[in-house]
Structures are given as C-alpha cells and as structure tokens.
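> Build me a model from this:
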Amino acid sequence: MKKKGKDKLFENLPACAAEFIKLVIKKMRYRKKVRVDVMAELAAHFEDELKDCANDQEKEQKARKLIEDFGDVKLLGILLRRAKKRCRPVWRTVVARTFQTIGALILCFTLYCIYISLGKPTIAVNYVEEAARLARPVADDNLNAAPIYQKAFDAYKEPPLVEYETETGLLDVIKDKDWVAELTEEELALLKQWLSDNADTIEFFKQAAERPYCWWKREAKDNFVLSVLMPELASLRNITKMMVWQSKLKAHEGYIEEAFDDLLTCYRVGRHLKGTRLLVEQLVGMAIQALSTKNALVILNNKEVDSQLLKNLQIRFEKLMAEDTYIINYETERFYALDFMQRCYTNNGRGSGHMIPGELKQIGGLVGEVEVKENTVFDYGRFLVMSIASANRCEMSRVFEKIYSTAEEWATKTPWQLHEENVDFEMGFANWSFLKKARYWPVTLLAPSMGRLNEIAYRQKAQVEALITVLAIIRFKQSTGNYPESLDNLVVTGYLKQLPMDPFSDKPLIYKRTEDNFTLYSVGLNFIDDGGELGKNDRGNPTDSEGDAVFWPVIN
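Below is the predicted model of the structure:
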C-alpha cells in the first residue's frame with residue numbers, strides 16, 4: 001500500500017493505534033494483499049471501538065487499553081497469519097503445500113548431492129602389487145624370463161615396408177598367406193632380410209622361452225589396476241609372428257626339425273602368460289599358442305616329415321599339454337572390480353558406502369564408455385547422476401563376487417556342458433529393467449565376457465589335441481600304408497594315449513577317412529555336426545559362429 005493510502009487509513013486513529021497496526025502487520029510476514037486486508041480490518045476495528053469517544057485524549061486512552069488487550073504483537077501477527085491461511089481456498093492450500101514439498105525435496109536432494117560429492121575413498125590395498133605378487137612364483141630371479149624378453153624387445157627391428165597400394169609393413173602384407181610359396185620374390189627377400197636383422201632378437205626370445213617362469217614389474221598411474229601398462233604383450237605377439245614365419249621358411253628349405261623347434265619355442269612363450277594373470281595376458285598367451293599349433297599343422301600339410309621326427313614332436317607336445325592349463329583364471333581379474341570400488345566408493349567400515357562422483361570423474365577415461373572430454377558442470381553432472389543411481393558398495397560387491405564366482409565355476413566346464421545346462425552367460429542382465437541396469441552400470445564395464453572366454457580356452461585345447469592326433473595319424477599312415485579306420489585304432493595300436501575330446505560335443509573329435517586323405521574336426525560353436533564343412537558369412541569368408549572347426553585338411 002502506498003504511503004498516502006496508509007495515512008488515509010489511519011487519519012481517524014491515534015498515533016499509538018497506527019503504530020501498533022503497522023507493527024502487527026510487520027510481524028505477520030505474509031503476502032502483501034493479505035497484509036493490506038488485515039491492516040484495513042484492524043483499522044476498522046479500532047475506529048468502531050473509538051467512535052464513541054468524546055475527544056482525542058479519551059481516544060488515546062481507549063486505544064492504549066485495546067492494544068494492551070490484544071497482547072503480544074508477535075503472537076498476534078502469527079495468529080492472524082494462521083487464521084488467514086485457514087480461510088484460503090483449498091486449491092490454494094494444495095498448490096502451496098505442493099510447492100513447499102517440492103522445495104523441501106529440492107533442498108534434500110541438493111544436500112544429498114553435496115554429501116556424496118564430499119565423500120572420500122579409502123585406498124587400503126595396492127592391487128597392482130597384489131597382481132604382481134600372484135603372478136610371481138617363489139623362485140630365484142635368475143629363473144625369470146622377463147629380463148631376457150626385454151633384451152629381445154630392445155633388439156627388435158620392425159618389419160620393412162612394402163609398396164602395396166601404399167607403403168605397408170611386411171607382416172600386414174603377408175598376414176593372409178599361409179605358406180612360403182605364396183610369397184612374391186620381393187616379399188620373400190624382405191622376409192629373409194628382416195629375419196637376418198633380428199638374429200639377436202630371436203636368440204634372446206629362445207633363451208627366455210626356456211626359463212620356467214616369467215613375471216613383470218608393473219607400472220600404473222596412481223597404482224590403479226585399470227591403468228596398468230603391459231607393453232610386453234604387443235612385443236611378444238610381434239616377435240611370435242616373426243618366429244612363425246622363420247619356422248615356415250626353415251621348413252620350406254628342408255630344415256624341418258629346426259622349424260618345429262621354433263614353434264615349440266612360441267608355445268612355451270604362450271605358457272608364460274597363463275595362470276594367475278589378468279585376462280588380457282591369458283588371451284595373448286592362448287593366441288600365441290594358437291599360432292604355434294596352427295602353423296605346425298600348416299607345415300605338416302606342406303612338407304613330408306619322417307616318422308621319428310613326428311614321434312618326437314608328438315611326445316614334446318603331449319608333455320607341454322600335460323603341463324599346461326586351459327582353464328581361464330579369474331583370481332587376478334577380480335582386482336579390476338575391487339580396485340574400482342575402493343577408489344570410487346566411500347567405506348563406512350561395514351563394507352558399504354556410496355559412489356563418489358569426483359573420483360569417478362578422475363578415472364572416467366579408464367573405464368571405456370565413461371569418457372571425460374571437458375571439465376564442465378554438465379560433465380560433472382553426468383558422474384553425479386551415475387553416482388546417485390549406483391547401488392551402494394555392499395550391493396555392488398555382492399554382484400561382482402557372484403559374477404566372478406560363477407565365472408570360475410563355468411571355467412571348469414566345457415562349452416558343451418554349459419550349452420546342455422542352458423547357461424545364460426549374461427546372468428539375466430539382458431532381462432534387467434532399465435533402472436536395475438542403471439543401478440549396476442559398472443557391471444557392464446568391468447564384468448568379463450565369460451561365454452566367449454570359455455570358448456576360446458577350450459578351442460585352444462582342442463587345437464592342441466588335434467595337432468597331436470594328426471601327428472599320430474600321419475605316423476600310422478607311414479607305418480601301415482593306410483590311414484586308420486577310426487581314432488580307436490590309434491589308441492589300440494599305441495599311437496595315441498587317449499581319444500582327443502571335442503569340448504563342443506563332449507565326444508571325440510570327428511575323424512573321417514577319405515579316398516586319399518582324412519578330415520579331423522570339431523563341431524564348433526553351433527554344437528552341430530555339419531559334416532566337416534566350414535562356416536561362411538554373407539561374404540563367403542570363414543566364420544567361427546557357424547559350421548565346423550576343421551583342423552585337417554588345413555584350409556587356407
């Protein structure tokens with residue numbers, strides 16, 4: 001109300017009454033329109049009570065008496081405010097209560113956001129050291145192959161470039177060729193020169209492969225497992241590819257025994273990466289062994305090998321296989337989840353706690369899909385939402401423990417056994433609701449692909465058994481002049497110790513004698529016997545998902 005309006009309202013009232021009304025309105029603390037109405041009502045009340053007074057002195061005295069009767073000004077203001085609130089329309093009360101509730105929720109949410117943002121992790125375990133400890137046996141440092149591998153890496157010369165549409169590394173040019181005869185003269189000359197340039201590398205590689213153990217000193221930013229550097233893996237694969245080509249070149253030139261020695265060296269290198277190690281190490285180890293066994297079959301397919309050498313080679317591979325493991329180990333892989341949780345969650349001392357958006361943001365670039373590009377409020381907001389949605393530490397720990405315990409159980413079973421049990425490798429994740437997926441989103445980033453890992457491991461085992469079986473079949477043919485009627489003949493005659501089992505059928509690998517050769521295969525990932533036919537994709541290229549896994553004859 002304007003001052004002129006107030007003066008007119010109070011012109012017939014004593015000054016004490018006017019001041020009292022103004023003070024009551026001030027203490028009322030309510031909407032302006034309501035305060036104006038109450039002011040008018042109070043002024044009217046005083047005017048009615050004072051209208052019979054004969055003079056100003058009498059008005060003053062009676063006004064003071066009325067003011068005294070009203071009591072405490074603050075209490076009167078509160079009572080008037082409550083009275084007006086009770087008298088307002090229902091819809092206005094509903095709206096007011098709604099906005100009050102929303103405001104309270106916003107305040108609570110804001111306080112909660114501040115609370116979780118201020119959380120601090122408790123870094124209790126150095127999982128990088130734990131991983132290194134598990135990988136290291138109780139053995140003298142002189143038995144460690146890692147330092148010798150490092151000498152091989154330091155001496156390694158990259159493959160030469162080949163003019164192939166554009167300048168391309170030799171290995172990339174010849175990667176789809178299986179045998180020396182398929183190389184051009186230029187490629188063959190460059191291959192020989194490259195092998196010659198890497199004579200020291202090859203020698204160190206062979207020395208390292210003879211060591212019984214191998215462990216590496218790991219480096220990781222802030223000792224975080226997800227940032228562990230493993231540069232040796234790429235180097236080991238590159239040198240293995242070079243060794244494989246050297247073995248094929250030796251075989252092509254007639255040095256069969258030396259060729260197989262190189263492949264056995266590669267197989268032993270693969271063993272150095274298996275066991276209690278991270279999955280990526282185990283996978284590289286199996287890939288190196290797969291190169292060794294596959295190219296042993298390639299050599300057998302292209303060169304005649306005398307019976308005694310075949311027997312010696314079979315014995316050596318049988319010994320290596322007996323000492324090897326083909327079961328995926330998840331003990332060290334657990335550290336990814338454990339380290340993630342100790343760095344991104346608070347710890348209340350009872351195994352629980354909440355996710356910390358600031359810590360999640362710090363390591364966001366290391367967990368795949370959660371990538372930090374700009375340091376903006378919006379960017380931080382994403383991690384805040386992810387933290388709020390996430391399950392607490394205790395619940396997340398239970399989920400991860402269930403995943404890894406189940407993975408260890410499944411790793412001991414063949415793909416066929418898991419297929420018969422109708423195992424869901426996603427553990428029901430595909431059927432989770434959107435809210436549940438949001439609640440357990442770290443699972444999608446850190447949990448391993450258990451089904452695929454199981455298949456790779458047992459496929460590698462089947463390939464080694466297939467190589468041993470092919471060696472026995474060729475020996476039988478050289479001895480008797482004919483291929484065996486069945487694999488049972490090899491066991492009965494002592495060429496095989498036992499039948500080679502197909503992990504995709506839990507029956508022996510399928511052997512069929514043809515007119516002048518034989519076929520040996522696994523039913524493959526579709527668990528169906530397709531008669532030894534390779535699977536083809538839409539482009540006609542071989543695929544693992546359909547058809548059989550044919551080990552012999554070797555198909556380029």
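
> for residue 187, helix, strand, or coil?
Classification of residue 187 using DSSP: H, G, I helix; E, B strand; the rest coil returns helix.

> Same check on the one 3 residues further on?
The local conformation at residue 190, judged by three-state DSSP, is helix.

> burial of it, as a residue count?
A count of nearby residues for residue 190, using other Cβ atoms under 10 Å, gives 19. Where you see a C-beta, it was placed from the backbone N, CA and C, and this is true even at glycine.

> Could you report the distance from it to residue 251?
19 Å (Cβ to Cβ, to the nearest Å).

> same deal with residue 109?
71 Å.

> Comparing the two, which residue is more hemmed in?
residue 251 (26 against 11).

> tell me the phi and psi of residue 547?
Phi and psi for residue 547, reported as degrees, to the nearest 10, are phi 80, psi -170.

> Can you pull the domain assignment for this protein?
Partitioning the chain according to automatic domain parsing yields domains covering residues 3-88, 334-447.

> average model confidence for the shortest one?
Across domain 3-88, the average pLDDT comes to 75.

> cool, and stretch 349-366?
If you average the pLDDT over stretch 349-366, you get 77.

> and it, which residues are buried?
352-364, 366 (16 or more other Cβ atoms under 10 Å).

> Please enumerate the helices of the stretch 301-450 of the chain.
Here the stretch 301-450 of the chain has its helices, by DSSP state H, counting those that start in this stretch, at 307-323, 334-344, 357-363, 377-389, 393-411, 415-420, 434-439, 441-446, 450-480.

> got it, and the stretch 101-250 of the chain?
With DSSP H, counting those that start in this stretch as the criterion, the stretch 101-250 of the chain has helices spanning 127-135, 146-155, 170-174, 185-197, 199-210, 232-252.

> quick one, phi psi at residue 423?
Dihedral angles for residue 423 - degrees, to the nearest 10 - are phi -70, psi 140.

> For the nearest residue to it once chain neighbours are set aside, which residues are in contact?
Leaving aside its chain neighbours, residue 423 sits nearest to residue 410 (6.7 Å; criterion: Cβ to Cβ, 6 or more residues apart in numbering). Contacts for residue 410 (Cβ atoms under 8 Å, 6 or more residues apart in numbering) come out as 418, 423, 425, 450, 454.

> Check residue 523 too.
Applying Cβ under 8 Å, 6+ apart, we find residue 523 in contact with 502, 504-505, 510, 529-530, 548-549.

> any weak-confidence spans in the chain?
1-7, 30, 77, 80, 84-93, 164-167, 364-379, 536-545, 556 (pLDDT under 70).

> Report the central residue of it.
By Cα atoms, centre = their mean, the chain has its centre lying nearest to residue 446, at 2.8 Å.

> ok, that one to residue 226 distance?
For residue 446, the distance to residue 226 - Cβ to Cβ - is 9 Å.

> rewinding a little: between the contacts of residue 410, which sits nearest residue 238?
Proximity of those to residue 238 (Cβ to Cβ) peaks at residue 454, which lies at 27.5 Å.

> Could you check how many residues crowd around that closest one?
For residue 454, the neighbour count with other Cβ under 10 Å is 24.

> quick one: contacts for it?
Shown in contact with residue 454 (Cβ under 8 Å, 6+ apart): 328, 410-411, 413, 415, 418.

> Top of the residues you listed by number of neighbours, please.
When neighbours are counted by other Cβ under 10 Å, residue 415 leads the contacts of residue 454 with 26 neighbours.

> State the distance from that one to residue 457.
According to Cβ to Cβ, residue 415 and residue 457 sit 9 Å apart.

> Please apply the same query to residue 353.
Between residue 353 and residue 457 the distance, using Cβ to Cβ, works out to 35 Å.

> now residue 33
Residue 33 is 78 Å from residue 457, by Cβ to Cβ.

> Report the contact partners of residue 177.
Taking Cβ under 8 Å, 6+ apart as the test, what residue 177 contacts is residue 183.

> Show the backbone phi and psi for it.
Residue 177 adopts backbone torsions of phi -100, psi 140, taken as degrees, to the nearest 10.

> Any chance of a markdown table for the contacts of residue 410, columns distance to residue 311?
A markdown table is the format used below for the contacts of residue 410 (distance: Cβ to Cβ, whole Å):
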| residue | distance to residue 311 |
| --- | --- |
| 418 | 36 |
| 423 | 40 |
| 425 | 41 |
| 450 | 39 |
| 454 | 33 |
